[in-house]
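A.B. asks: take this sequence and fold it.
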Amino acid sequence: MRRCQKLQMLLDISGLHMIHQQNKGKLLQKEYQSILDALADCQRIAIEIGESIEQTEGEDKEIDAVRFLEQYCETLYQVSLQLEEISAEDLYGTLEEALRFVEEAIVVMPVRKEIVFLPYKASMWDSLESVYFAAARDENCDAYVVPIPYYDRKADGGLGEMHYEGGEYPKNIPITHYEEYHLEERHPDAIYIHNPYDGNNYVTCVPERYFASRLRNYTDQLVYIPYFVLDEIKPDDHEKIEKFKNLCLMPGVIYAHKVIVQSENMRQIYINEFLKNAEWLTDYMGYFDRKKLEDKILALGSPKFDRVRNTNRDTLEVPDEWLRLIEKPDGTWKKIILYNTSVNAFFQYNEKMITKIKSVFVKFKEAQENAVLLWRPHPLISGTLRTLRPQLLAEYEQLVEEYRKEGYGIYDDTADVDRAIVLSDAYFGDYSSLVQLYQATGKPVMIEDVEVL
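C.D. replies: Numbering: from 1, shown residues only. Okay, here's the model as predicted:
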């Protein structure tokens, strides 16, 4: 039984107590027909409670609360036959005693939690995965993964093509389709999200019904975990904080009941940004409660690190087309270099970024006997260029097409970033959140200089 279901049942029973009290007064006035109607209402409510219990616990189980509800209904019937003989006090006492057994049985019934995870991009699932596994292992918890759709943003800010990536998650993650999970009806105990933007993302946008401002109304605990990890920043390093401080004040952060960040330093930075923007937050939320805002930020670490640590190279499923490029004729493996290109690099360098990537391809094409390039561009590059750098889109897409066609390197556009991290021998590319994950492996990290070809 869910906690919200139990609370609703106890609320219904409170209503029955009130009807009992009203019937006591009606009997003194000899309003027999009104009492009979009220007793019929009591029976209807009791039957609905019993059916709800059987739906959640199973009809084949022997459940004390259902047995006491049946006895309560029998008491209602017997009382209805004695209205002209029974006293008001006995009427009230008899009904209350029968109902009290029902109430006590429901109070002690075990409660199951329901937790739902709402990722939107499969490549960002690693920011929630270890939390899901912990919930799934809990015998008293039902955990659901419900990938939600998202739209590309058009250049004019409107919504473009819709995407749904429910089929791209790991095989060991059971998926529930978003059309089959109704948040308003289920009212899960907790909802986990990794998208903080609501309508403030210039590249993608989830449907409005999945905005944090809406989700907060469907659960007792909305939890936001960032889909990224950042280089560690000290709370007094104002220059670095300036570059990402807006992420501390996104709707997902503000509306969430809890926010899980990667370290105590990050927690303090979030809190400092709250305090500096107290007046704005008061206007935005209608209130400012410093203690609540401080308590909601938890420095529990990022699940992304858990995923990397728990992924083993020996158990990876490597596609055959990758293996053909990785294996040498003698069966040994070439060095695998993970090449990561970021969205921010295109913002900063524009056409120079295209030139840089081409020069990298030339070098690895020459070295293909001993090394293989595993190119993993950020999944939002094409969408971002389409919206914010349309003059680069055609040339970038041609670059991708030629690289894939020539077949001397691996092109990885899958959702599993951790496979690329664990499989590769070294990292090369732009400075991004992927660097923090890669450093956790202890393998070499090399940051490219776009100005050097």
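A.B. asks: send me the strand or helix carrying Leu323 as CSV with only the CA atoms.
C.D. replies: Taking DSSP states H and E as the definition, Leu323 sits inside helix 320-326. This file holds the C-alpha atoms of helix 320-326, laid out as CSV (Å, rounded to 0.1, in the frame of the first residue of the first chain):
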residue,chain,number,x,y,z
ASP,A,320,31.7,-6.0,-33.7
GLU,A,321,32.3,-3.0,-35.9
TRP,A,322,34.4,-1.4,-33.1
LEU,A,323,36.4,-4.5,-32.5
ARG,A,324,37.3,-4.7,-36.2
LEU,A,325,39.0,-1.3,-35.8
ILE,A,326,40.5,-2.0,-32.4
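A.B. asks: and it, average pLDDT?
C.D. replies: Averaging pLDDT along helix 320-326 yields 95.
A.B. asks: going forward, count from 47.
C.D. replies: From this message on, residue numbering opens at 47, which makes the last subject helix 366-372.
A.B. asks: on contacts alone, who are the packing partners of that helix?
C.D. replies: Here helix 366-372 touches strand 456-457, going by 3 or more Cβ pairs under 8 Å, 6 or more residues apart in numbering; DSSP states H and E. Glycine gets a C-beta too; all of them are placed from N, C-alpha and C.
A.B. asks: give the partner strands of the strand it packs on in its sheet and their orientations.
C.D. replies: Strand 456-457 has the following sheet partners, assigned by DSSP bridges: strand 417-423 (parallel).
A.B. asks: not counting the partner strand itself, show me its contacts.
C.D. replies: Strand 417-423 is contacted by residues 371-372, 380-387, 406-407, 410, 446, 449, 454-459, 463, 466, 469-470 when judged by Cβ atoms under 8 Å, 6 or more residues apart in numbering.
A.B. asks: again, but for stretch 288-298
C.D. replies: 239, 241-244, 246, 257-259, 270, 272, 276, 299, 315-316, 319-320, 323, 326-327.
A.B. asks: same deal with stretch 59-78?
C.D. replies: For stretch 59-78, using Cβ under 8 Å, 6+ apart, the contacting residues are 80-81, 84-85, 87-88, 91-92, 95, 129-130, 132-135, 137-138, 141-142, 145, 148-149, 152.
A.B. asks: which residue ranges of the stretch 97-246 of the chain form strands?
C.D. replies: 159-163, 187-191, 196-199, 205-209, 236-239 (DSSP state E, counting those that start in this stretch).
A.B. asks: distance to Glu100 and mean pLDDT for the ones you listed - can I get that in JSON lines?
C.D. replies: Output for the strands of the stretch 97-246 of the chain, formatted as JSON lines (distance: least, Cβ to Cβ, whole Å; pLDDT from 0 to 100):
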{"stretch": "strand 159-163", "distance to Glu100": "18", "mean pLDDT": "96"}
{"stretch": "strand 187-191", "distance to Glu100": "18", "mean pLDDT": "96"}
{"stretch": "strand 196-199", "distance to Glu100": "39", "mean pLDDT": "92"}
{"stretch": "strand 205-209", "distance to Glu100": "39", "mean pLDDT": "93"}
{"stretch": "strand 236-239", "distance to Glu100": "26", "mean pLDDT": "98"}
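A.B. asks: most neighbours per residue, which of the ones you listed?
C.D. replies: Per residue and on average, the most neighbours among the strands of the stretch 97-246 of the chain fall to strand 236-239, with a mean of 25 (mean count of other Cβ atoms under 10 Å).
A.B. asks: before we move on, the earlier item: buried residues in the helix holding Leu369?
C.D. replies: Trp368, Leu371, Ile372 (16 or more other Cβ atoms under 10 Å).
A.B. asks: is Tyr473 part of a helix or strand, or is it coil?
C.D. replies: Classification of Tyr473 using DSSP: H, G, I helix; E, B strand; the rest coil returns strand.
A.B. asks: that older thread, got a PyMOL select line for the buried ones in the contacts of stretch 59-78?
C.D. replies: One line in PyMOL is enough to select the buried members of these, burial here meaning 16+ other Cβ under 10 Å:
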select buried, resi 81+84+85+88+91+92+95+129+132+137+138+141+145+148+149+152
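A.B. asks: just the ones of the contacts of stretch 59-78 in helices?
C.D. replies: Filtering these for membership in helices, criterion DSSP state H, returns 80-81, 84-85, 87-88, 91-92, 95, 134-135, 137-138, 141-142, 145, 148-149, 152.
A.B. asks: Gly245 contacts Glu254, doesn't it?
C.D. replies: Yes. Gly245 is within contact range of Glu254, at 7.3 Å (criterion: Cβ atoms under 8 Å).
A.B. asks: counting neighbours, go ahead and name the busier of those two.
C.D. replies: Gly245 (13 against 10; other Cβ atoms under 10 Å).
A.B. asks: Leu321 versus that one, what's the distance?
C.D. replies: 26 Å (Cβ to Cβ, to the nearest Å).
A.B. asks: in the protein, what residue sits furthest out from the centroid?
C.D. replies: Glu131 (60.4 Å; Cα atoms, centre = their mean).
A.B. asks: give me the pLDDT for that residue.
C.D. replies: pLDDT at Glu131 comes out at 90.
A.B. asks: out of the contacts of strand 417-423, which end up buried?
C.D. replies: 371-372, 380, 382-387, 406-407, 410, 446, 449, 455-458, 463, 466, 469-470.
A.B. asks: okay, and for this protein, where does confidence drop off?
C.D. replies: 105-106 (pLDDT under 70).
A.B. asks: go again using 80 as the cut-off
C.D. replies: Counting by pLDDT under 80, the ranges of the chain that qualify are 47, 104-108, 333.
A.B. asks: and it, what are its domains?
C.D. replies: 49-153, 159-352, 359-493 (automatic domain parsing).
A.B. asks: buried ones in the host helix or strand of Gln314, by neighbour count?
C.D. replies: Gln314 is part of helix 310-322, with elements assigned from DSSP H and E. By 16+ other Cβ under 10 Å, the buried positions in helix 310-322 come out as Asn311, Met312, Arg313, Gln314, Ile315, Tyr316, Ile317, Asn318, Glu319, Phe320.
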